[in-house]
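In: Attaching a predicted model along with its sequence, questions to come.
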Amino acid sequence: MNMPDPQAFAATWLSQFTDPKAWEGWTKMASLTTTPAAAHPLAGFLTDAGAGVDQLKLESIRDDYLKKGAQLWQDFVSGKTPELHDRRFSASEWTANPLSAFAAASYLLNSECMLALVDAVETGPRERQKIRFAVQQMVDAMSPANFFATNPEAQKKLLDTKGESLTKGLANMLADLQKGRISQSDESAFEVGRNVGNTPGQVVFENELFQLIQYTPATPTVHSVPLLMIPPCINKFYILDLQPENSLVRYAVEQGNTVFMMSWRNPDRSQAHLRWDDYVETGALRALDVVREITGQEKAHVFGFCVGGTIAATALAVLAARGHQPAASLTLLTTLLDFSDAGLLEVFVDEAQVALREQTLSGGGLMAGRDLATTFSALRPNDLVWNYVQQNYLKGKEPPAFDLLYWNADSTNLPGPMFCWYLRNTYLENKLKTPGALTVCGVPVDLGKIEAPVFMYGSKEDHIVPWQAAYVSMGLLNPGNPKANRFVLGASGHIAGVINPAAKNKRSYWVNDDGGKAAGKTAGNPSPLDDAAWFDGAVEHKGSWWPEWAKFLAQHGGAEVSAPEAPGNAQYTPLEPAPGRYVKARAD
């Protein structure tokens, strides 16, 4: 595959903004049907979206650009160093060289103009989001920080190390080409079962889809109600059990809970036929049965994280339709049930893209973990792609040891039929929120039929599950008894917000002591607040949200009983030590 030269492409692109004749092409964007797509950079995107830009807005953007460009040039000629309010250019090398400073400032100005044009596009919000995403990808790729010829930090490093940094950078790049991905962490520093995923326990059950781990008690007594944790099947469960100091699993055990964890198998070709129904019936529901049989308890706390939460809620709705209510409580972390606002992932989901996946995968096949990882990295390219290009390749540095990024690189495949069902019925058609719109495991799904108190957590800066969407999703549960729902909002993003150890006392979280309810339209029947009103009434607390969750589990955890003396029981005997072998199978 022939790849274009990014710098040549960037030069051609940016010339559009300095050539007066090019601006004439931009002024024709309102009538795209008569304007060739090659006439301006965004024309192709806008033609596909059937969109244009208002003439007055276009002229305003042009005038602002030309004014700022003229001032930038005047400052350069007079020897004034531009201010670079962007962390990519925060190093002193960028301002020490006037040419580098001017190049960075020019790039930022052109980027500002291009994104302003996108924001001015007259189209629907989803179409605009797709256009902005595509342009943002190009803008980020064209940063002068990404090329050795225009990166003064890399050039200085070359001189300081007498060429060693370049040699090392090339070696890093070749090694990554062998792996097929960019190294984000020193992967030699970690090993699953040695220093990540090493909370003591035993695998007490397995089938073709998952292993079930029962963790060793850390307290002499435990709450009688056990806890079943259902992690995402995208990536691996040990995000919840990293190192001892930041393991949510270990914390839950130390709070006096009998904790079970599903460890999803990393699918290979033999499992390419598995469906969403299999992940619910053979996965979550089978795990719940085993937990109850081992502990002898009628009910269990059910916990789900991200897509694991979607699976957990679907499974409980299936049981509700069958007349069973086995959940003592339901905990959902950064989970979507109502997919009306699916964050940045919406740019990858439309009828054409889903139909293409169905054509290639719905009859059997694997959605490669590497492709999924690339998709998620594209959501934050400066942090998860270009930062490592600059550090690892241009400067020849080794990435530091970071357990979260080690986990992030440990990808998992997904069975094609399961993946396609998930895309169409949730992200594209958003059927899960509508009672009876979906049939799963042979029964109609109605999330409102689940009878269990709910703890819903969202992360304030989550770009995968916007917290407002998590909050709205909570409204599908206990519709007749909203007081049974509790929402907690944590700082940071999709993963870092969740993995916020209580002992470190970092970040903060928000709770609304009114329980997220309005002051009651009718006596005794308060109505849920919308997300903005909830946040306006919320109180910020310093530290981790984990203790709030621990209190919730204890409140619904039943009596104190002696901790189990051994894992499993006569029927379910230990098979191997935690974390088990399923989690160690790599997709690449």
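Out: Looks like it came in fine. This structure is a prediction, so every number in the text was calculated from the model and none was measured. Numbers count the residues shown, from 1 in each chain.

In: Could you use CA atoms for every contact and neighbour count after this?
Out: Will do.

In: I'd say F76 and A101 touch.
Out: No. If you go by CA atoms under 8 Å, F76 and A101 don't touch, sitting 9.1 Å apart.

In: who has more neighbours, these two?
Out: Applying other CA atoms under 10 Å to F76 and A101 shows that A101 carries more neighbours, namely 23 against 16.

In: before we move on, the earlier item: touching both of F76 and A101, which residues are there?
Out: P82 (CA atoms under 8 Å, 6 or more residues apart in numbering).

In: Nearest residue to the residue nearest to the spatial centre of the chain in space, ignoring adjacent ones along the chain?
Out: The chain has I464 as the residue nearest its centroid, 4.2 Å off, counting by CA atoms, centre = their mean. Excluding the flanking residues, the one nearest I464 by CA to CA, 6 or more residues apart in numbering is G343, at 5.4 Å.

In: where are the low-confidence patches of the stretch 1-150 of the chain?
Out: Residue ranges of the stretch 1-150 of the chain with pLDDT under 70: 1-51.

In: just the strands in it please.
Out: 52-53, 121-122 (DSSP state E, counting those that start in this stretch).

In: Which neighbouring elements make contact with the last one?
Out: In terms of contacts (3 or more CA pairs under 8 Å, 6 or more residues apart in numbering; DSSP states H and E), strand 121-122 is packed against strand 52-53.

In: strand partners of the strand it packs on, parallel vs antiparallel please.
Out: strand 121-122 (antiparallel) (DSSP bridges).

In: quick one on the thing from earlier: hmm, P466 and the residue nearest to I464 touching each other?
Out: Yes. The criterion here is CA under 8 Å, and G343 meets it with P466 at 5.9 Å.

In: And the helix or strand that contains D278, how far out from the chain middle?
Out: If you go by DSSP states H and E, D278 is part of helix 276-278. For helix 276-278, the distance from its own C-alpha centre to the chain's C-alpha centre is 22 Å (CA atoms, centre = their mean, to the nearest Å).

In: Please enumerate residues in contact with that helix?
Out: P417, M418, F419, W421, Y422, V440, C441.

In: quick one: P567 from A70, how far?
Out: To A70, P567 is 73 Å away according to CA to CA, to the nearest Å.

In: the more surrounded of the two?
Out: Neighbour tally, P567 and A70, criterion other CA under 10 Å: the higher count belongs to P567, 21 against 12.

In: what sits against the nearest residue to A587 once chain neighbours are set aside?
Out: Using CA to CA, 6+ apart and skipping residues adjacent in sequence, the residue nearest A587 is T412, 5.4 Å away. By CA under 8 Å, 6+ apart, T412 lies in contact with C233, I234, N235, K236, N266, P267, A368, G369, R370, R586, A587.

In: where does the protein dip in pLDDT?
Out: Looking at the chain by pLDDT under 70, you get 1-51, 515-528, 588.

In: ok, now with 50
Out: 1-20, 22-39, 516-526 (pLDDT under 50).

In: Need the outlier residue of it, farthest from its centre.
Out: Extreme point of the chain relative to centroid (CA atoms, centre = their mean) is S78; 46.2 Å.

In: Against P98, how distant is that residue?
Out: 11 Å.

In: Equivalent analysis for G497, please.
Out: For G497, the distance to P98 equals 40 Å [CA to CA].

In: So which of the two has more stuff around it?
Out: Neighbour count, other CA under 10 Å: between G497 and P98, G497 has more, with 25 against 17.

In: so how far is S544 from the more buried one?
Out: Distance, G497 to S544, by CA to CA: 9 Å.

In: do the same with D383
Out: 24 Å.

In: Same question for G201.
Out: For G201 relative to S544 (CA to CA), the value is 25 Å.

In: do F487 as well
Out: From F487 to S544 the distance is 14 Å (CA to CA).

In: Compare the two and say which is more crowded by neighbours.
Out: S544 (23 against 20).

In: Show me where the stretch 51-200 of the chain has its helices.
Out: Secondary structure of the stretch 51-200 of the chain (DSSP state H, counting those that start in this stretch): helices located at 55-77, 92-96, 98-119, 125-141, 152-160, 164-179.

In: Reformat those as JSON lines; add distance to W549.
Out: Shown next, in JSON lines, are the helices of the stretch 51-200 of the chain (distance: least, CA to CA, whole Å):
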{"stretch": "helix 55-77", "distance to W549": "49"}
{"stretch": "helix 92-96", "distance to W549": "45"}
{"stretch": "helix 98-119", "distance to W549": "40"}
{"stretch": "helix 125-141", "distance to W549": "35"}
{"stretch": "helix 152-160", "distance to W549": "45"}
{"stretch": "helix 164-179", "distance to W549": "39"}
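
In: what's the closest of the ones you listed to L242?
Out: Evaluated over the helices of the stretch 51-200 of the chain, closeness to L242 peaks at helix 164-179, with 23.2 Å, by CA to CA.

In: and the direction of that closest one versus that of helix 152-160, what angle?
Out: Counting by axes from the mean of the first three to the mean of the last three CA atoms, to 10 degrees, helix 164-179 lies at 120 degrees to helix 152-160.

In: outside of helix 164-179, which residues touch it?
Out: So helix 164-179 is contacted by K157, L158, I182, S183, N392, Y393, L394, K395, G396, K397, E398, D588 (CA under 8 Å, 6+ apart).

In: now do 10 Å
Out: 148, 154-159, 180-183, 389-399, 588 (CA atoms under 10 Å, 6 or more residues apart in numbering).

In: Give me the distance between it and the centre of its chain.
Out: Its chain's C-alpha centre and that of helix 164-179 lie 28 Å apart, by CA atoms, centre = their mean.

In: and that helix, which residues are buried?
Out: Neighbour counts over helix 164-179 (16 or more other CA atoms under 10 Å) mark S165, L166, K168, G169, L170, N172, M173 as buried.

In: Heading C-terminal from that helix, find the next helix or strand.
Out: Next along from helix 164-179, by DSSP H and E: strand 201-206.

In: Quick check: next helix or strand after that next one?
Out: Counting by DSSP H and E, the next helix or strand C-terminal to strand 201-206 is strand 210-215.

In: so what secondary structure elements neighbour the next helix or strand after that next one?
Out: Note on strand 210-215: by DSSP H and E, the next helix or strand toward the C-terminus is strand 221-223. Packing partners of strand 221-223 (3 or more CA pairs under 10 Å, 6 or more residues apart in numbering; DSSP states H and E): helix 546-555, strand 560-562.

In: okay, the ones you listed in a markdown table with distance to Y215 and mean neighbour count next?
Out: Shown next, in a markdown table, are these (distance: least, CA to CA, whole Å; neighbours: other CA atoms under 10 Å):
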| stretch | distance to Y215 | mean neighbour count |
| --- | --- | --- |
| helix 546-555 | 17 | 17 |
| strand 560-562 | 15 | 13 |
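
In: Need the ones you listed in CSV (columns: distance to D54).
Out: Formatted as CSV, the helices and strands packed on strand 221-223 follow (distance: least, CA to CA, whole Å):
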stretch, distance to D54
helix 546-555, 49
strand 560-562, 67
